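*Asks:* Next input, structure requested:
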Amino acid sequence: MKYIVEYKSFYKEGDIVLIEYWYNDIETPVKILENRGKNLLVTHNIEQSKIKNAPDEIIPKKDIIAPWRN
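*Replies:* The predicted model follows:
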């Protein structure tokens, strides 16, 4: 089997990534504001987001589905 290995520095502050939002299980892009070790502070207040009024949240890095591609 092949596994994708991501280094700790793979996602940086300012990157837009795709996550599954916990409340209604939709996939939505978020912007990384701050790296907090194993967790990330992300915001939904970006143009591409489907839920712009959702509060900023702290998520584990494993919740990221993929980098955002337009």
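
*Asks:* ok, Y23 - how many residues close by?
*Replies:* When neighbours are defined as other C-beta atoms under 10 Å, Y23 has 7 of them. In short, each C-beta sits where N, CA and C put it, glycine included.

*Asks:* show me the contacts for it.
*Replies:* Counting by C-beta atoms under 8 Å, 6 or more residues apart in numbering, Y23 makes contact with A54.

*Asks:* where's it relative to Y11, distance?
*Replies:* Distance, Y23 to Y11, using C-beta to C-beta, to the nearest Å: 22 Å.

*Asks:* Regarding this structure, what is its longest strand?
*Replies:* In the chain, taking DSSP state E as the definition, the longest strand is strand 27-36.

*Asks:* who does that strand pair up with?
*Replies:* Sheet pairing of strand 27-36 (DSSP bridges) gives strand 16-20 (antiparallel), strand 39-43 (antiparallel).

*Asks:* So which of those strands has the densest surroundings on average?
*Replies:* When these are scored by mean count of other C-beta atoms under 10 Å, the highest mean neighbour count falls to strand 39-43 (a mean of 19).

*Asks:* Just after it, pick out the following helix or strand.
*Replies:* strand 57-60 (DSSP states H and E).

*Asks:* next structured bit after that next one?
*Replies:* Strand 57-60 is succeeded, C-terminally, by strand 64-67 (DSSP H and E).

*Asks:* Give the other helices and strands that that following strand contacts.
*Replies:* Strand 64-67 sits against strand 16-20, with contacts defined as 3 or more C-beta pairs under 8 Å, 6 or more residues apart in numbering; DSSP states H and E.

*Asks:* Dump the strand it packs on to PDB, keeping only the CA atoms.
*Replies:* Provided in PDB are the C-alpha atoms of strand 16-20 (Å, rounded to 0.1, in the frame of the first residue of the first chain):
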ATOM      1  CA  ILE A  16      -6.800  27.500   2.100                       C
ATOM      2  CA  VAL A  17      -7.700  23.800   2.700                       C
ATOM      3  CA  LEU A  18     -10.800  21.700   2.400                       C
ATOM      4  CA  ILE A  19     -12.500  20.300   5.600                       C
ATOM      5  CA  GLU A  20     -15.800  18.700   6.500                       C
END
